[in-house]
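A.B. asks: Turn this into a structure:
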Amino acid sequence: MTDILVSEEELLRFGCECLEAVGACHSHAEQHISVLVEADRRGHYSHGFNRLRGHYVADIRSKICYPNNKPSIEKETASTALINGNNSLGAVVGNFAMDVAIQKAKESGVGWVTVRGSNHFGIAGHYSKKALDAGMLGMAFTNGSPYVAPTRSATSTFSTLPISLAAPAKDGDHMLLDMATSNAAVGKMELARALGKEIPNNWALNKEGKPTSDPNEALPSGGGCGLPLGGLEETSGYKGYGLALMVEIFCGILSGSDWGPHVRRWKIQDQIANLGQCFIALDPKAFTDGFEDRCQSLLDTCRGLDPIDPELPVLIPGDRGRNRENNVRKEGGVRYKSEQFASMLKLAEELGVQPPQCLNV
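C.D. replies: Coordinates of the predicted model:
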């Protein structure tokens, strides 16, 4: 079946109307939905509109997210800040926090901001890219609902604890890393289930603690738990576990938010999330001269390597996302599978909003 094409403008309109229908103000809804549009535009469907109904709309409806609250600074120095998200929408909190980090970096060379009282903020790369757009290096981290088991365990203890780094090179070129410290994000397993596909058997364990290729067994609803980056111990999963601990220390421990197994469980609708997050901005001018030129040389060196397969050139993190964005702009919209689009139609009917209009149907 032909993919369904929806313009970015129509996605933004539809998403905003959905959040507004359950009580969000337009400005906060627009900030949050813009991150979902960006995720789908870059091909990160697991963190885009896939989450709208079951996560953001559900949290507002259940009154465990206060979408119109504004984040506030609780404590700060010249280069650091502790921010309370006041349980607002995750993107509203994340944008505010990274803006604070950028401003501090402009003044002191570095801005390091931790956040408590936040909610799921979408793709981490959105926030590191905000620093990139200001000519800086940006980093973003978040914790979340426990799902991943530490090495030698089959107990869901940490979230997928993503890491993002953006670094500027010349003429708009850059690196944009956005990765989980688990082998896979929960959203990818949800998509596999929705599309009737199997998953690689090194992504997760079933409730018996055995590797599984069935997304139903792998998901929290099936009693599964995720594996850290690298998988089992014999394939270096302990390295992913170590990275996960680093992110949790930056996010949950440093901010005073909930952490690890104390964060509410996946899709629980009677408890606030109180997520911890961390945002860092670095002004390269505070360090060595010529950062962009040196970074460009690094990127060019990697891209210029002879590939093992001539059809698969060596890429820099972020290259695939930019290629997908270029295709979206050429075609005039984001492509969705019929199953993905059907969930949007269902939500539109449920909330009494105009469904998204297709460009090719």
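A.B. asks: Ser338 and Pro355, how far apart?
C.D. replies: 14 Å (CB to CB, to the nearest Å). Where C-beta positions appear, they are placed from N, C-alpha and C, glycine not excepted.
A.B. asks: my bad, Gly260
C.D. replies: Counting by CB to CB, the gap from Gly260 to Pro355 is 39 Å.
A.B. asks: The two: who's more crowded?
C.D. replies: Set Gly260 next to Pro355 and count neighbours by other CB atoms under 10 Å: Gly260 wins out with 19 against 15.
A.B. asks: For the more buried one, give me its contacts.
C.D. replies: Taking CB atoms under 8 Å, 6 or more residues apart in numbering as the criterion, Gly260 is in contact with 143, 146, 157-158, 248, 252.
A.B. asks: Any chance of JSON lines for the residues you listed, columns secondary structure, distance to Ile73 and neighbour count?
C.D. replies: Converted to JSON lines, the contacts of Gly260 look like this (DSSP: H, G, I helix; E, B strand; the rest coil; distance: CB to CB, whole Å; neighbours: other CB atoms under 10 Å):
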{"residue": "Asn143", "secondary structure": "coil", "distance to Ile73": "20", "neighbour count": "32"}
{"residue": "Pro146", "secondary structure": "coil", "distance to Ile73": "29", "neighbour count": "22"}
{"residue": "Thr157", "secondary structure": "coil", "distance to Ile73": "31", "neighbour count": "16"}
{"residue": "Phe158", "secondary structure": "strand", "distance to Ile73": "28", "neighbour count": "28"}
{"residue": "Glu248", "secondary structure": "helix", "distance to Ile73": "23", "neighbour count": "22"}
{"residue": "Gly252", "secondary structure": "helix", "distance to Ile73": "19", "neighbour count": "29"}
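A.B. asks: What about Thr301, how many residues nearby?
C.D. replies: Counted with other CB under 10 Å, Thr301 comes out at 10.
A.B. asks: Is it in a helix, a strand, or coil?
C.D. replies: Under DSSP: H, G, I helix; E, B strand; the rest coil, Thr301 falls in the helix class.
A.B. asks: And the one 4 residues further on, by the same measure?
C.D. replies: Counting by three-state DSSP, the backbone at Leu305 sits in coil.
A.B. asks: tally of neighbours for it?
C.D. replies: If you count neighbours by other CB under 10 Å, Leu305 ends up with 9.
A.B. asks: what about the spatially closest residue to it that is not a sequence neighbour, which SS state?
C.D. replies: Nearest residue to Leu305, sequence neighbours excluded (CB to CB, 6 or more residues apart in numbering): Val314, at 4.7 Å. On the three-state scheme (three-state DSSP), Val314 is labelled coil.
A.B. asks: next one: the one 10 residues further on
C.D. replies: State at Arg324, reduced to three classes by three-state DSSP: helix.
A.B. asks: how near is the closest residue to it other than its chain neighbours to Ala218?
C.D. replies: Nearest residue to Arg324, sequence neighbours excluded (CB to CB, 6+ apart): Gly43, at 4.2 Å. Gly43 sits 21 Å away from Ala218, going by CB to CB.
A.B. asks: Among the two, which residue is more densely surrounded?
C.D. replies: Counted by other CB under 10 Å, Gly43 and Ala218 do not tie: Ala218 has more neighbours, with 32 against 17.
A.B. asks: where does that one land on pLDDT?
C.D. replies: On pLDDT, Ala218 comes in at 95.
A.B. asks: Not counting residues beside it along the chain, what's closest to it?
C.D. replies: Once flanking residues are discounted, Ala218 sits nearest to Ala204: 3.6 Å by CB to CB, 6+ apart.
A.B. asks: ok, back up a step: which one of the contacts of Gly260 is nearest to Leu176?
C.D. replies: Asn143 (21.2 Å; CB to CB).
A.B. asks: Isn't the closest one up against Leu161?
C.D. replies: Yes. Using CB atoms under 8 Å, Asn143 makes contact with Leu161 at a distance of 6.1 Å.
A.B. asks: intersection of neighbour lists for those two?
C.D. replies: Common neighbours of Asn143 and Leu161 are listed as 247-248, 251 (criterion: CB under 8 Å, 6+ apart).
A.B. asks: for these, which one is nearest Ile33?
C.D. replies: Ile33 lies nearest to Cys251 out of the shared contacts of Asn143 and Leu161, by CB to CB, at 23.8 Å.
A.B. asks: Check the secondary structure at the closest one for me.
C.D. replies: Three-state assignment for Cys251 (three-state DSSP): helix.
A.B. asks: What of Thr114?
C.D. replies: Three-state assignment for Thr114 (three-state DSSP): strand.
A.B. asks: That one: neighbour count?
C.D. replies: By the criterion of other CB under 10 Å, Thr114 has 24 neighbours.
A.B. asks: Same check on Asn86?
C.D. replies: 16.
A.B. asks: All good on my end, thank you.
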